[in-house]
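**Student:** sharing a model that was predicted from the sequence below.
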Amino acid sequence: MKKITAGTFLLLASSSAFAVAPGGGGCGWGNALFEGQSGPAPHILAVTTNGTSGNNTFGMTSGTNGCSVSGKIGYSGQSMLASVMDEFSEDAAKGEGEALTAVSVAMGVQPEDRAKFAQLTHDNFNTLFPNQDVTAEQVYNSLQQVMKADAQLSKYAI
Amino acid sequence: MNNSTLTWLNIATFLLSFIFVSFTSNAAEHTASTTMPKKLLINATKIELWKDKEWLNLLHYKGDGNSYLSQVDDPRFFNAPDGKSSPQNELIASLTSFYNTDLSEPDNHTQCRFIARLHWLQKQLPDSLTQLPTVNCPQYNDWRKLVPGHKASLIFPAYHLNSPSSMFGHTLLRIDPADDTSNSSWLSMAVNFGANIQASDNSIAFAIKGLAGGYSGTFIVTPYFKKIKEYNREENRDIWEYPLNLTPQETERMVLHLWELKDINFDYYFFDENCSYRLLELLEVARPSLTLTQQFGLTAIPIDTVRSIDQAGLITGTLYRPSQATNINHLLEQLTNSQKSLVLQIARDADTINTDTFKHIDPAKQSIMLDAAYRYLRFQQNDEGRTESNAKNSFALLQAINKVPDFKSPEASYSAHQKPEKGHLSKRLDIIAGNNRVKNKASNEETNREYAQLQFRMSFHSLDDNIDGFLEGAQINIGSISARAYKDEVQLQQLDFIDIFSLSPRNAFFQPLSWRVYTGLEQQFINGREHLTGHVTAGAGVAYTPWSRGYFYALATTRFESNSQFSRALEPALGYSTGLLQHFSFGTTQFEFSGEAFLNNEIRQRLKLIHNVPLGRNHSLQFHLNFQRQRNSQSPSQSHFETSDAQLSYRYFYH
């Protein structure tokens, strides 16, 4: 039974490209404002059961669901951004919030530089999010460019 | 289970343990010649280590001191063939297989699989559990990078109206790293015990299987931000976080044990061996001096377990993460009616923010309106999925928000009386004194009887119960039984299996349905006396809050009744139910008209008045007045009765 569920999600996750990973079980995002998701997130299982669904049942992330294990938290900056794209865009517009912090931690930004990171994403909102159809990958690439151009944060850019 | 099967089981267990003991002693001799110290088993046996509470906790044994059974329903969790029922054989088998010299699959070696057992046994047998083969555990080591484990919080996603399975709430644990500099728990790990549900199961199958242990449950560990998204955004449930005072050592013990439970199946029982119960077990592993699980026999209602954890002195504070809907309501409360209408217009067409009407509003209010409109769009998209117009409007609003200097988005906070752990306990006992009057309208005869009544409710909350700590408008009662004693007879008055009433107020922003379903046995007055009848009653309709803490509702209902006085086995009826529920600082009043007309022309009309006066958290006095008129429209002269019931009850809540 569980295998079927997990299998379904694996299928869902692996058949989706990185930017269109489904919400709920996988590592992508569900009801994102931005392009790249289709319909309500497949979270129906979890909704009714307090329950369990998905393929990374023990926090063990792997390539199959769009997340990669890197660094101490198991999320790369890019996969983290994709996972919380909706929240990230809102926080970037507002200039503060936990999604900004989470992405900055995943990108290895040290505590003393995180306020600057929040400021940078806020100031460059229009560059990072040129339209409502932008993908997480595009946002991530723009973020890298913006960080490279910043004296304080360029050391974190890849 | 009858006696003969019991005996057979005993014999089988005996034979199995006999075979196993011979096997393990052979194995022990074999490995002892290489690495296992001879005195290890002797030392463990001498002090009867398997009777230690920590060992029993680690293996999830429940028992009376003589016989034990583990609640883990998965052979992979045991090293001994009879490990599920024998703490002793399991301990010996575990010790033995720690010395297994086959290191070809290190991740499957007992040292890696059962790392909490190893740590504990090493502490108990420091002199004899030595010379272990060195095993590296790559999977475990990778996992520990994700779950550093330094401190922990108990997480309580609160009730969700209109979703019965979440009406009891839920609990999970969050494990935080030592490094607190991230200032965010988004990347902490959430530990969740849940049932593995089949996507095809509908809610009835869910309920039946859930009650009967038809699902298996496993622990899941996921980043906490996923849980925030799931509860706060997708399900619109407020999240309460309770930091615990577990020491780093205690947290570490729990995380080690959690690894042992990876992919391990338990039978999942909705009421007792559920998400919350399993967390109590984890906490007992973390701090062995705790006795939490034994407080929960019949039910482990999530919030009751939070209270027990609180009483055990583990909780050090309260943090609140309001849901998206709560935040929207919080923002709307700060606006006038015309500003609220404008928010709706903005959500429909973001260009509205360029009109003079909007531009002339005070900038602070403008910010609130932008925030409310944006959040409302996200709320809608959560329901309906992404649409082009929603995405376009959302994006335009984010751009507008981005242009506001120093944009502040204060979230909803809570007041002390909302804290769910401070609400009444889940079981309830009522002592009732009442008077029942029956008037036969045909003959004008009148009888008057006094009675005493005792009522027990297994769980959880009624609309008229003490409201502090509960979601307004959400009633869920499971397992309610009452017996009534007149001077000359005692009768079963009522047996409710389930009684859910979800009052979800509608307004310009939210248009939920209100609904009710209840089923059970109850006494109905018909043909001159009361008869026990079975029924299923359900209804749907609307609710509004015309003023603060007041709920006006109107529902269309349908009822199927099995009544010995009716000719059909199951008599259908259509009806209505409308009323007003009002919470005051000093109590709750409910006023309700309801009625139904059966296919056989039997007609009932009811008027109900309830007033509840809380006497502290777990006590209340309640006054009930019921008036019922019934007649048969075919033969009005023969069967036309008016009954009235006046009751005074004392209610006591406990768990």
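**Tutor:** Structure's in. What do you need?
**Student:** now the helices for the stretch 351-500 of chain B?
**Tutor:** B:356-359, B:363-384, B:388-403 (DSSP state H, counting those that start in this stretch).
**Student:** ok, the helix or strand where A:V103 lies near chain B or not?
**Tutor:** Secondary-structure element containing A:V103, defined by DSSP states H and E: helix A:98-106. Yes: Helix A:98-106 lies within reach of chain B by Cβ under 8 Å from any Cβ of the partner chain, at A:98-99, A:101-102, A:105-106. C-beta here means a position set from N, CA and C on the backbone, and glycine is covered the same way.
**Student:** wait, which of those residues is closest to B:L607?
**Tutor:** Within these, distances to B:L607 taken as Cβ to Cβ reach their minimum at A:E98, with 51.3 Å.
**Student:** output the below-cut-off pLDDT ranges for the chain.
**Tutor:** With no chain named, the answer covers chain A. A:1-74 (pLDDT under 70).
**Student:** was after chain B, sorry
**Tutor:** B:1-34, B:161-165, B:179-183, B:198-204, B:206-207, B:636-638.
**Student:** try 50
**Tutor:** Residue ranges of chain B with pLDDT under 50: B:1-34.
**Student:** and the residues of helix A:98-106 next to chain B as a markdown table, adding neighbour count?
**Tutor:** Formatted as a markdown table, the residues of helix A:98-106 next to chain B follow (neighbours: other Cβ atoms under 10 Å in any protein chain shown):
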| residue | neighbour count |
| --- | --- |
| A:E98 | 20 |
| A:A99 | 25 |
| A:T101 | 22 |
| A:A102 | 28 |
| A:V105 | 26 |
| A:A106 | 24 |
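**Student:** B:S70 contacts B:A80, correct?
**Tutor:** No: B:S70 lies out of contact with B:A80 (Cβ atoms under 8 Å); the separation is 11.0 Å.
**Student:** neighbour count winner among those two?
**Tutor:** B:A80 (24 against 21; other Cβ atoms under 10 Å in any protein chain shown).
**Student:** state the distance from that one to chain A.
**Tutor:** According to Cβ to the nearest Cβ, to the nearest Å, B:A80 and chain A sit 25 Å apart.
**Student:** which SSE is that residue in?
**Tutor:** Using DSSP H and E, B:A80 falls outside every helix and strand.
**Student:** correct me, but it touches B:A93?
**Tutor:** Yes: counting by Cβ under 8 Å, B:A80 touches B:A93, with 3.7 Å between them.
**Student:** got the domain boundaries for chain B?
**Tutor:** B:3-144, B:147-321, B:324-403, B:423-654 (automatic domain parsing).
**Student:** the residue of the stretch 1-150 of chain B found nearest chain A: how many residues sit nearby?
**Tutor:** Residue nearest to chain A within the stretch 1-150 of chain B (Cβ to the nearest Cβ): B:L146, separated by 4.6 Å. Other residues within reach of B:L146, judged by other Cβ under 10 Å, total 22.
**Student:** against B:H109, how distant is it?
**Tutor:** B:L146 is 21 Å from B:H109, where distance means Cβ to Cβ, to the nearest Å.
**Student:** domains in chain A, by residue range?
**Tutor:** A:2-61, A:77-156.
**Student:** B:G423: neighbouring residues, count only.
**Tutor:** Neighbours around B:G423, by other Cβ under 10 Å: 22.
**Student:** ok, it - contacts?
**Tutor:** B:303, B:461, B:466, B:468-470, B:617 (Cβ atoms under 8 Å, 6 or more residues apart in numbering or on different chains).
**Student:** swap in B:V438?
**Tutor:** Contacts of B:V438 (Cβ under 8 Å, 6+ apart): B:446-449, B:525, B:641-643.
**Student:** repeat that for A:S142.
**Tutor:** A:124, A:127-128.
**Student:** quick one: stretch B:129-142 to chain centroid distance?
**Tutor:** Computed by Cα atoms, centre = their mean, to the nearest Å, the chain-centroid distance of stretch B:129-142 equals 38 Å.
**Student:** contacting residues around it?
**Tutor:** A:60, A:69, B:35-37, B:40, B:95, B:98-101, B:103, B:106-107, B:109, B:111-112, B:115, B:121-122, B:259.
**Student:** pull out the buried positions in stretch A:129-148.
**Tutor:** A:129, A:132, A:134-136, A:138-140, A:142-144, A:146-147 (16 or more other Cβ atoms under 10 Å in any protein chain shown).
**Student:** which one of those residues sits closest to chain B?
**Tutor:** For the buried residues of stretch A:129-148, the nearest to chain B is A:Q132 (3.9 Å; Cβ to the nearest Cβ).
**Student:** quick revisit: okay, the buried residues of stretch A:129-148 in CSV with secondary structure next?
**Tutor:** CSV is the format used below for the buried residues of stretch A:129-148 (DSSP: H, G, I helix; E, B strand; the rest coil):
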residue, secondary structure
A:F129, coil
A:Q132, coil
A:V134, coil
A:T135, coil
A:A136, helix
A:Q138, helix
A:V139, helix
A:Y140, helix
A:S142, helix
A:L143, helix
A:Q144, helix
A:V146, helix
A:M147, helix
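**Student:** just flag the most distant two among the residues you listed.
**Tutor:** A:Q132 and A:M147, at 23.2 Å, using Cβ to Cβ across the buried residues of stretch A:129-148.
**Student:** my guess is B:A452 meets B:K487, correct?
**Tutor:** No: the criterion here is Cβ under 8 Å, and B:A452 misses it with B:K487 at 9.8 Å.
**Student:** neighbour count winner among those two?
**Tutor:** Neighbour count, other Cβ under 10 Å: between B:A452 and B:K487, B:A452 has more, with 14 against 8.
**Student:** relative to chain A, how far out is the closest residue to that one other than its chain neighbours?
**Tutor:** Take B:A452 and drop its neighbours on the chain: the residue closest to it by Cβ to Cβ, 6 or more residues apart in numbering or on different chains is B:A485, 5.1 Å away. To chain A, B:A485 is 40 Å away according to Cβ to the nearest Cβ.
**Student:** and B:A485, bridged to which residues?
**Tutor:** Applying DSSP bridges to B:A485 gives these bridge partners: B:A452, B:V490.
**Student:** tell me where chain A has strands.
**Tutor:** With DSSP state E as the criterion, chain A has no strands.
**Student:** please enumerate the helices of it.
**Tutor:** Ranges of helices within chain A are A:2-15, A:44-49, A:77-83, A:85-94, A:98-106, A:114-123, A:125-128, A:136-148, based on DSSP state H.
**Student:** out of the ones you listed, which gets nearest to B:A433?
**Tutor:** Judging the helices of chain A by Cβ to Cβ, what sits closest to B:A433 is helix A:44-49, at 41.7 Å.
**Student:** how many neighbouring residues does the closest residue to B:Y486 other than its chain neighbours have?
**Tutor:** The shortest distance from B:Y486 to any residue other than its chain neighbours is 4.9 Å, reached at B:Y451 (Cβ to Cβ, 6+ apart). Here the number of neighbours of B:Y451 (other Cβ under 10 Å) works out to 19.
**Student:** OK, contacts around B:Y451?
**Tutor:** By Cβ under 8 Å, 6+ apart, the neighbours of B:Y451 are B:433-436, B:484-486.
**Student:** any idea how far it is from chain A?
**Tutor:** The value you get for B:Y451 to chain A, if Cβ to the nearest Cβ is used, is 41 Å.
**Student:** same question, B:A452
**Tutor:** 40 Å.
**Student:** surely A:F125 and A:A92 touch.
**Tutor:** Yes: A:F125 lies in contact with A:A92 (Cβ under 8 Å); the separation is 5.3 Å.
**Student:** the two: who's more crowded?
**Tutor:** A:A92 (27 against 20).
**Student:** how far off centre is stretch B:209-216?
**Tutor:** Using Cα atoms, centre = their mean, the offset of stretch B:209-216 from its chain centre is 15 Å.
**Student:** repeat that for stretch B:470-479.
**Tutor:** Going by Cα atoms, centre = their mean, where stretch B:470-479 is centred and where its chain is centred differ by 12 Å.
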